[in-house]
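Asker: no FASTA, just this:
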């Protein structure tokens, strides 16, 4: 039955909730706690959307800057851990100085940024423990230190005189909040922050490094959610040079490709009605086909400019991997754009050479890392790496040897999580799709046997046996397997073509390994 009377609130201080008394919710300190001499533990982070960004962006006087933050030893350790361990790996090889210099600098002048960085540092250090169970549990209830500082960062943003209120500061703190939600595994909150950040960028002017960060962030929401109709498009179009042109540097090439990849993935989402016959028609077939031709031409122009420029970039050896990473992203964007309007999954068979090139590059990168970087890879990165691209090969390339090679690389090449792409989860989905489409059981021994077979013996699955799309559902099953090992399964919905040609849902479970 609906609750009668006034609705209950869940925004009180943690200390008051533990003592089971009514919090007066005064800020910055709860008077009930203060009057009894107790130390407040702060508020739980509010749900996504509790604070509007118009509230966060109200004009505030700039506070006096302090040369160093006052912090206890635990906080000082957290800041040092972020600076020495976390910041160098978050942005990948093309980060420039955003995480290692800009964020670190603002941490010492902006309290909201400092608290957000402490939350990121704590979440990164703890990342991985019971992550599969926590994704629906939800993960943000398990790290009190991170909760405390995330809460403090929000409070500093919304409290007058507590933050500078400059557009660059608010956008940078927005990026930090996105990073926190990535680590917590909260896709809805992360996408909400990205959406508000892009909307703010479209109505203001910000530092180029902040703009480039959001240009890359604009890719992942279209890959995670199908709600392309309402998600804002970043108006800072970073188009490739005209015919015969070149890029000034690698950062310009990356920014241009990020814009093109975001547009390509958005086109895939807005074309689902034409490809799958599902959902509303977000744009006419004629309009979608026109966008497809235009984006495909822009991607060709990017590759031409990149090919002209890459020899002149004069990069140290580690950046050769960056050139290959950009090539992999371009290959994926070309395949996505070329296939997004076809209801026939066999259209991907025409791109076998591109799939093969992606696997070749990933194999080369794996060999290079094994030789030059034998140390453990980072647990999390804020940017897209090989994980989503290899997963794309696994689910859309039906050449069994290639997709098994990509599946094997997913175990070792990507870090455990890239933005919200979780390597273990995607590997499990890809494994199950291969098993269904080829009618096999994917085991290490079976992979060795299949890889040794002649390609003429490995037929491509018919279109009717191919899975169109997949969506993870909220179901989670944790049980003990053979020998007492823990087995985690996730519920999934596959979209397949039925006997009469319509698209229907097939429910299944995928096992995390």
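Answerer: Yep, it's here. Everything quoted here is computed from the prediction, not taken from an experiment.
Asker: And the host helix or strand of residue 153, what does it pack against?
Answerer: Secondary structure from DSSP states H and E places residue 153 in helix 144-158. Under the contact definition 3 or more Cβ pairs under 8 Å, 6 or more residues apart in numbering; DSSP states H and E, helix 144-158 sits against helix 53-56, helix 111-126, helix 167-184. Quick note: C-beta positions are derived from backbone N, CA and C, even for glycine.
Asker: now the shortest one: mean pLDDT?
Answerer: Going back to what we said before, that points to helix 53-56. Mean pLDDT, computed over helix 53-56, is 48.
Asker: Spatially central residue for this structure, please.
Answerer: Closest residue to the average C-alpha location of the chain: residue 419 at 2.7 Å, with Cα atoms, centre = their mean.
Asker: can you count the residues close to residue 478?
Answerer: Per other Cβ atoms under 10 Å, the neighbour tally for residue 478 reads 12.
Asker: mind listing the helices for the stretch 401-513 of the chain?
Answerer: 423-438, 444-451 (DSSP state H, counting those that start in this stretch).
Asker: name the helices or strands packed onto the last one?
Answerer: Spelled out, that is helix 444-451. Under the contact definition 3+ Cβ pairs under 8 Å, 6+ apart, helix 444-451 sits against helix 400-410.
Asker: same deal with the longest one?
Answerer: The contact analysis (3+ Cβ pairs under 8 Å, 6+ apart) places helix 423-438 against helix 387-396, helix 400-410, strand 469-480, strand 486-497, strand 503-512.
Asker: Name the stretch from those where average model confidence is lowest.
Answerer: Among these, strand 469-480 carries the lowest mean pLDDT (a mean of 87).
Asker: State the paired neighbours of it in the sheet, together with their directions.
Answerer: Taking DSSP bridges as the criterion, strand 469-480 forms sheet pairs with strand 486-497 (antiparallel).
Asker: how far off helix 423-438 does the partner strand point, in degrees?
Answerer: 50 degrees (axes from the mean of the first three to the mean of the last three Cα atoms, to 10 degrees).
Asker: any idea which helix or strand of the chain has the worst average confidence?
Answerer: Lowest on mean pLDDT, DSSP states H and E among the helices and strands of the chain sits helix 14-19, with a mean of 41.
Asker: Kindly reformat the helices and strands packed on helix 144-158 as JSON lines and extend each row with mean neighbour count and distance to residue 508.
Answerer: Below are the helices and strands packed on helix 144-158 laid out as JSON lines (neighbours: other Cβ atoms under 10 Å; distance: least, Cβ to Cβ, whole Å):
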{"stretch": "helix 53-56", "mean neighbour count": "14", "distance to residue 508": "39"}
{"stretch": "helix 111-126", "mean neighbour count": "25", "distance to residue 508": "31"}
{"stretch": "helix 167-184", "mean neighbour count": "24", "distance to residue 508": "27"}
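Asker: I'd like the ones you listed written out as a markdown table, with distance to residue 364 added.
Answerer: Shown next, in a markdown table, are the helices and strands packed on helix 144-158 (distance: least, Cβ to Cβ, whole Å):
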| stretch | distance to residue 364 |
| --- | --- |
| helix 53-56 | 43 |
| helix 111-126 | 28 |
| helix 167-184 | 28 |
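Asker: and the ones you listed, which one is worst for confidence?
Answerer: helix 53-56 (a mean of 48).
Asker: who touches the following helix or strand past that helix?
Answerer: Following helix 53-56 in sequence order, the next helix or strand is helix 73-81 (DSSP H and E). With contacts defined as Cβ atoms under 8 Å, 6 or more residues apart in numbering, helix 73-81 is touched by 69, 71, 107, 114, 117-118, 121-122, 125, 145.
Asker: mind listing the helices for the stretch 201-350 of the chain?
Answerer: 208-217, 220-224, 250-270, 272-276, 285-309, 320-339.
Asker: Can you give me the buried ones in the fourth one?
Answerer: For helix 272-276, a neighbour-count test (16 or more other Cβ atoms under 10 Å) marks 272-275 as buried.
Asker: cool, the first one as well?
Answerer: Burial within helix 208-217, assessed by neighbour count using 16+ other Cβ under 10 Å, is assigned to 209-217.
Asker: Looking at the residues you listed, which two lie furthest apart in space?
Answerer: Using Cβ to Cβ, the two most remote members of those are 209 and 217, lying 12.8 Å apart.
Asker: quick one on the thing from earlier: which among the contacts of helix 73-81 gets closest to residue 157?
Answerer: Nearest to residue 157 among those is residue 114, at 12.1 Å by Cβ to Cβ.
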